[in-house]
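Student: coordinates only, sequence not included:
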């Protein structure tokens, strides 16, 4: 069997691995057993944030290990967790205002809009811009712009002002969800129907069925069209 | 509606989105009535709020520099409402124009090729030089006849004069002339360019109260019924310190502190309901009732 092999450097140590692997597969191929820095393996959870450089480019590059294909001679390290200030708060005590955000995270005002965070985002979010929107109290804009954040913490790791951008953003999304987003009327209606016993009889009859019958019902269930 | 439309990119700044909303709403409405189309930059960040005085502090210039880059992509001029933003953006622009080392380092850092070839203008400057106070006077529908107003400029459009002043830094006139164009009577007093205390209010309420007291009492002794300013921080200090001044000086009478754009909007006959009067510590509306209705 012939396969192209490339050398990569994992935390400074050289490994020869098959080309075309993702960083995560390459690390496992090299013998690492990942108990941190690996999660959904599908590019959603943000657990496998990785920083790397390739020869001939001064730029620090970023990516999710499960999504990023290795390049020859790349130097990489994973950042499975980055310690950032995380405030304790109760949404009931806050309002969707600039004052609430800056009281919860006073370091917000240390932001210089240098843009280092934006360069570090594996989700291509303009982190600098949502921080600017947070600084002028536009909670809805922060929630909208940061929606794809996977909380990997790479922006936090790179910030010269020691900001916790991802935590500020999730605070704004929570404030948006609680106070600003239009309520889901159909949800309230369904909750009421459940409380009024709309499904009680169906549930009771299902409880009396055996496993075979339940499996048949599951297989024959109505599935919403795509 | 005015026929000669003036279109100019606009930077409102964070304060006009938060504590000084009335400045923004009254300024936008007045601009429109005067045939000036303010085009807000589609994406902008905080100007930095203070111009760094350390010569090697280049990182602090990255934020304002990216605002200038965004503005330059839209044209050759930028109108700024908040005088603090004006001061920081103008000085950053000048540093980029004149300091090759700063220009190169900043451009490398923010990954731009910006030469400082943008005119940073205070909105009052746009009114004076591009619209013209004569035209403003012709557009007035509800003259502020009989109102005695003290024009207060603060520091940000006057100092350092070589970098930011578009007026005589010792005896500024732009705001006085605008008030006159609106039909008000601008009073003369010695404190129109004195510092209001600025951020001192954070560390010493006492110092800020005394500094604002000397300005407000000087204006009142010279007959002012209200203060008109162009600076959100000055407005906040002059307005909100009056409760403390009242505790320190028995018999002190309060005086309302307005943005010039609020007076402009009223004189142009605009609906002033959304000029955010609730944020004022000293309610200006009783004094404004002296103005003849439309």
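Tutor: All right, it came through fine. As the structure is a prediction and not an experimental result, all values here were calculated from the model. Numbering: from 1, shown residues only, chains lettered A, B, ... in the order given.

Student: residue contacts, the residue of the stretch 101-250 of chain B found nearest chain A?
Tutor: As assessed by CB to the nearest CB, chain A sits closest to residue B:110 within the stretch 101-250 of chain B, at 6.4 Å. C-betas here are computed from N, CA, C, even on glycine. Each residue near residue B:110 by CB atoms under 8 Å, 6 or more residues apart in numbering or on different chains is listed here: A:114-115, B:62, B:65-66, B:69.

Student: if you rank the residues you listed by neighbours, which is first?
Tutor: When neighbours are taken as other CB atoms under 10 Å in any protein chain shown, the top entry among the contacts of residue B:110 is residue B:65 (28 neighbours).

Student: show me what contacts that residue?
Tutor: With contact set as CB under 8 Å, 6+ apart, residue B:65 has these partners: B:92, B:96, B:106, B:110, B:112, B:114.

Student: for it, give me the pLDDT.
Tutor: Listed pLDDT for residue B:65 reads 98.

Student: the chain: helices as residue ranges?
Tutor: Picking chain A for this. Taking DSSP state H as the test, the helices found in chain A are A:23-29, A:98-104, A:116-120, A:127-135, A:139-145, A:154-158, A:165-175, A:185-195, A:200-207, A:211-219.

Student: looking at chain B here, not the other one
Tutor: With helices called from DSSP H, chain B shows them at B:21-33, B:62-72, B:83-98, B:100-110, B:123-126, B:133-139, B:161-164, B:174-181, B:200-203, B:205-221, B:232-240, B:242-248, B:260-267, B:285-288.

Student: which non-adjacent residue is nearest the residue most central in space within chain A?
Tutor: The C-alpha lying nearest the average C-alpha coordinate of chain A belongs to residue A:150 (CA atoms, centre = their mean; 1.2 Å). Nearest non-adjacent residue to residue A:150, counting by CB to CB, 6 or more residues apart in numbering or on different chains: residue A:46, 3.1 Å away.

Student: ok, now residue B:60?
Tutor: The spatial neighbour of residue B:60 that comes closest, neighbours along the chain excluded (CB to CB, 6+ apart), is residue B:52 at 4.0 Å.

Student: low-confidence ranges in chain A?
Tutor: Along chain A, the model assigns pLDDT under 70 to residues A:1-2, A:226.

Student: what does it put close to chain B?
Tutor: When proximity is defined as CB under 8 Å from any CB of the partner chain, chain A approaches chain B at A:98, A:111-115, A:126, A:128-129, A:131-132, A:135-138, A:160.

Student: and the buried ones among those residues, selectable in PyMOL?
Tutor: Of the residues of chain A next to chain B, the buried ones can be selected in PyMOL as follows, counting by 16 or more other CB atoms under 10 Å in any protein chain shown:
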select buried, chain A and resi 98+111+112+113+114+115+126+128+129+131+132+135+136+137+138
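
Student: for chain B, what lies in contact range of chain A?
Tutor: Within reach of chain A by CB under 8 Å from any CB, chain B has these residues: B:14, B:17-18, B:43-46, B:48, B:59-60, B:62-63, B:66, B:109-110.

Student: just name the closest of those to residue A:186, please.
Tutor: Distance to residue A:186, by CB to CB, is smallest for residue B:17 among the residues of chain B next to chain A, at 33.8 Å.

Student: the closest one and residue B:220, how far apart?
Tutor: 32 Å (CB to CB, to the nearest Å).

Student: could you do residue B:158 as well?
Tutor: Counting by CB to CB, the separation of residue B:158 from residue B:220 is 22 Å.

Student: sorry, back to before: I'd like to know how far the residue nearest to residue A:150 sits from residue A:64.
Tutor: From residue A:46 to residue A:64 the distance is 7 Å (CB to CB).

Student: okay, and the common contacts of these two?
Tutor: Common neighbours of residue A:46 and residue A:64, counting by CB under 8 Å, 6+ apart, are A:150, A:152.

Student: neighbour count for these two, which is higher?
Tutor: The neighbour comparison of residue A:46 against residue A:64 (other CB under 10 Å) goes to residue A:64, with 26 against 19.
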